[in-house]
Each structure stands twice: as structure tokens, then as C-alpha cells.
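# kindly generate the corresponding structure for this input.
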Amino acid sequence: MFSSLVFAAVLTISPMPTIQAQAQQASSDDPVTEIEDVVVTGQRLRALVDNFVGEVAAPAGAGRGLARWRASLCVGVVNFRSDVGQYLADKVSDEARALGLDAGEPGCRPSVIIVGTDDGAGLTRDWVNTRPNAFHTGIGAMTRSRAALRKIQEGDAPVRWWHVSIPMDTHSGQAAIRLPGEENAPQIATSSASRLRSQVVDYLARVVIVVDVTKLDDITLEQLADYVSLIALAQVDPQGDVSGFNTVLNVFEDTASVTGLTEWDRGYLAALYGLDASHVRPGHQAGAMAASLERERRTAGRRDGAALED
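As a prediction, the model looks like this:
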């Protein structure tokens with residue numbers, strides 16, 4: 001699908017310098033303020049985790065599950081200098097392998113495409129107008145709404161993205177819906193009846209990520225690579241409010257403090273890829289993910305020998 005895309009110019013951007021941390025040492029004459037230990041209760045932590053999952057997750061629509069890559073993905077990078085593009089592709093691929101996925105070798109057909117441009121909104125609008133079926137298939141089970149598609153063509157976001165997923169029959173490995181161009185709907189042979197579980201599971205099929213290189217400001221190449229890795233591996237809501245969390249999704253608002261993928265981000269991905277996606281109701285999936293992430297955050301707190309923090 002992407003082989004027909006032609007880009008007239010290749011942008012050349014150099015890896016940005018790493019932010020230098022500046023250590024500050026207080027004078028012995030400065031007043032000392034003692035802060036009591038902070039204890040986050042289990043109820044408080046679970047509320048935080050539920051909120052994080054709710055703000056980050058962006059399934060294809062009402063009634064759809066949280067999609068992830070089934071077994072493999074292939075990363076393609078366009079309009080970046082070769083060494084920069086290779087770094088981005090390698091980083092996403094490495095994070096995918098860490099989750100148990102296979103990453104395609106050079107020359108594979110891209111299922112994740114990262115495009116550099118000096119006009120993110122303009123390129124996205126042109127792309128949607130030229131190849132609308134690549135973004136909205138006309139099947140509600142595969143993408144978010146047309147309103148969401150309009151939003152990614154507007155504004156001045158430094159990075160914008162779009163996910164396409166497919167409900168699949170886990171027994172046959174085939175699509176569980178009629179895909180565009182097909183005449184007949186697939187037949188699902190159910191092996192067992194259950195109100196709580198289903199053999200139809202949502203998997204990612206394609207992710208498009210547009211990076212406006214004129215709006216990266218002080219972002220380093222490493223920070224950008226971590227940011228796009230999370231987006232490439234999970235359906236992330238561009239309008240989600242994660243300002244109260246330590247996540248790479250805040251890197252454009254807090255460049256100095258957010259250095260890359262955080263424990264919240266890695267815990268979220270681990271929960272997503274460890275999820276029993278056969279739960280019929282998406283709410284059950286989100287609850288199971290939240291429970292997994294809560295356990296991870298508690299374990300991290302004990303491992304660090306510190307109180308759990310939000």
C-alpha cells in the first residue's frame with residue numbers, strides 16, 4: 001500500500017544534541033525542609049492506574065478491544081536522512097522485540113511508516129485526500145471515527161498518527177470481518193460458546209506516524225524515537241490527558257525531565273501485550289490491563305525501596 005507513495009524531497013535533519021543535566025548543590029547555609037514520608041494507598045494507586053489506562057488507550061471504536069500487533073511488524077521510515085531514519089526504525093524494532101514480536105528485515109513491506117516533513121498538517125491532509133482508504137476503510141471496526149481523522153489533519157502537533165486494526169479469528173488467523181474489496185463476509189466457526197470470552201480479537205494492521213521536524217525544538221533523536229515507539233506499538237489517544245503522569249507522551253511539554261520511555265510506559269506496553277484479549281467486553285480488557293499495571297507499579301516501588309509515586 002505504501003509502495004506507491006512518492007516524496008519529492010528528502011529532509012535532512014541531524015541528531016539533536018543530548019540535553020545536559022545541570023547538577024545543583026545547595027549551600028550549607030540554606031534552610032533545610034523536612035518532608036514527611038508519603039504513602040500512596042492501594043485505592044489511590046488503582047485510581048491512578050485506571051485513569052492512566054483510560055487516558056492513553058484509544059481503541060478503534062465503541063465495542064472494540066485494545067489492539068496490539070499479533071506476531072510481527074515492519075518499520076519503514078521516509079524523508080529522514082538515512083542514519084536518522086535507521087535509528088528510528090531500529091528503536092521501534094528493538095522495543096517490539098522486547099515485547100516478543102518479530103521485526104521485519106530491511107526490504108520488508110512496512111506496516112509502521114514514519115514520515116518526516118516540514119508541514120505535518122499539510123502532508124497529512126494531502127495524504128488523506130489522496131489515499132482516503134488507507135486511513136478510513138469505511139468499516140467502523142477498523143479505525144476511529146471520521147471526526148478523529150479530521151482532528152489529526154488540524155493544529156500544529158509535532159507528531160500525529162493514525163492506527164488501523166482488524167478483528168481476527170484467533171483460531172483460523174483470518175480476518176473476522178469483510179475487508180474492502182471482498183464480496184463475502186467470513187464464516188467464523190465457534191469452538192465453544194461463552195458470554196465472557198470470544199475467539200475474535202483486535203490486532204493492529206497499520207500505523208502511520210507523521211513527524212513535523214520544524215516543531216521538534218529541543219527534542220533529541222533518542223526522545224523522539226522513544227515517543228514514536230510507544231505510538232507504533234499501542235493505540236494511543238492524541239487527546240488523552242496524561243499531564244499528571246511520568247510518561248514519554250509528555251516529552252514535548254517537559255523536554256528536560258522526560259528523557260524517554262518511563263516505567264509507566266513500559267508497564268503499559270507489558271500489560272497490553274500480556275493481556276488475555278479474548279475478553280468480550282472492552283471494559284474487562286481495560287480492567288485487566290489496569291490490574292497488571294498496578295502490580296507492576298507496586299513491584300517497582302518495592303524494588304526501589306521507596307514509596308509508590310504517581
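
# restricting to C-alpha, output stretch 144-156 in PDB.
Coordinates of each C-alpha in stretch 144-156 appear next as PDB, following Å, rounded to 0.1, in the frame of the first residue of the first chain:
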ATOM      1  CA  ARG A 144     -11.500   5.500  14.900                       C
ATOM      2  CA  SER A 145     -14.200   8.000  13.700                       C
ATOM      3  CA  ARG A 146     -14.100  10.400  10.800                       C
ATOM      4  CA  ALA A 147     -14.100  13.200  13.400                       C
ATOM      5  CA  ALA A 148     -10.900  11.800  14.900                       C
ATOM      6  CA  LEU A 149      -9.400  11.600  11.400                       C
ATOM      7  CA  ARG A 150     -10.200  15.300  10.800                       C
ATOM      8  CA  LYS A 151      -8.500  16.200  14.100                       C
ATOM      9  CA  ILE A 152      -5.200  14.700  13.000                       C
ATOM     10  CA  GLN A 153      -5.200  17.000   9.900                       C
ATOM     11  CA  GLU A 154      -5.500  20.100  12.000                       C
ATOM     12  CA  GLY A 155      -3.500  22.000  14.600                       C
ATOM     13  CA  ASP A 156       0.300  22.300  15.000                       C
END
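
# buried sites along that stretch?
When burial is assessed from 16 or more other CB atoms under 10 Å, stretch 144-156 yields the following buried residues: 144, 148-149, 152-153. The way it works is simple: take the backbone N, C-alpha and C, and place the C-beta from them, glycine included.

# now swap in stretch 130-137 and tell me
By neighbour count on 16+ other CB under 10 Å, the buried set for stretch 130-137 is 134-137.

# surely residue 145 and residue 61 touch.
Yes. At 6.8 Å, residue 145 and residue 61 qualify as touching, with contact defined as CB atoms under 8 Å.

# related to what we said a few turns ago, in a markdown table: the buried residues of stretch 130-137, plus pLDDT and secondary structure.
Shown next, in a markdown table, are the buried residues of stretch 130-137 (pLDDT from 0 to 100; DSSP: H, G, I helix; E, B strand; the rest coil):
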| residue | pLDDT | secondary structure |
| --- | --- | --- |
| 134 | 83 | helix |
| 135 | 89 | coil |
| 136 | 80 | coil |
| 137 | 71 | coil |
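
# out of these, which is nearest to residue 268?
residue 135 (24.9 Å; CB to CB).

# tell me where the stretch 101-250 of the chain has strands.
Listed in chain order, the strands found in the stretch 101-250 of the chain under DSSP state E, counting those that start in this stretch are 102-103, 112-117, 159-169, 200-212.

# quick check: which of those is buried the most?
Each of these was scored by mean neighbour count; the highest is strand 112-117, a mean of 24, by mean count of other CB atoms under 10 Å.

# closest to residue 226 among the buried residues of stretch 130-137?
Closest to residue 226 out of those is residue 135 (25.0 Å), distances taken as CB to CB.

# mind listing what that closest one touches?
Applying CB atoms under 8 Å, 6 or more residues apart in numbering to residue 135 gives the contacts 127-128, 143, 149, 162, 164, 208.

# do the same with residue 111
Contact partners of residue 111, counting by CB under 8 Å, 6+ apart, are 69, 73-75, 104, 204-207.

# just residue 227 next, same as before
With contact set as CB under 8 Å, 6+ apart, residue 227 has these partners: 159, 219, 248-249, 251.

# and if you look at residue 153?
Contacts here follow CB under 8 Å, 6+ apart; on that basis residue 153 touches 121, 124-125, 128.

# farthest-separated two in those residues?
Across the contacts of residue 153, the two members that end up farthest from each other (CB to CB) are 121 and 128, 10.7 Å apart.

# quick one, helices of the chain?
With DSSP state H applied, the chain shows helices at 42-56, 82-98, 120-130, 146-151, 221-233, 263-273, 282-304, listed in chain order.

# which of those sits most buried?
helix 221-233 (a mean of 23).

# what stretches of the stretch 51-200 of the chain score poorly on pLDDT?
In the prediction, the stretch 51-200 of the chain carries residues with pLDDT under 70 at positions 138-140, 169-199.
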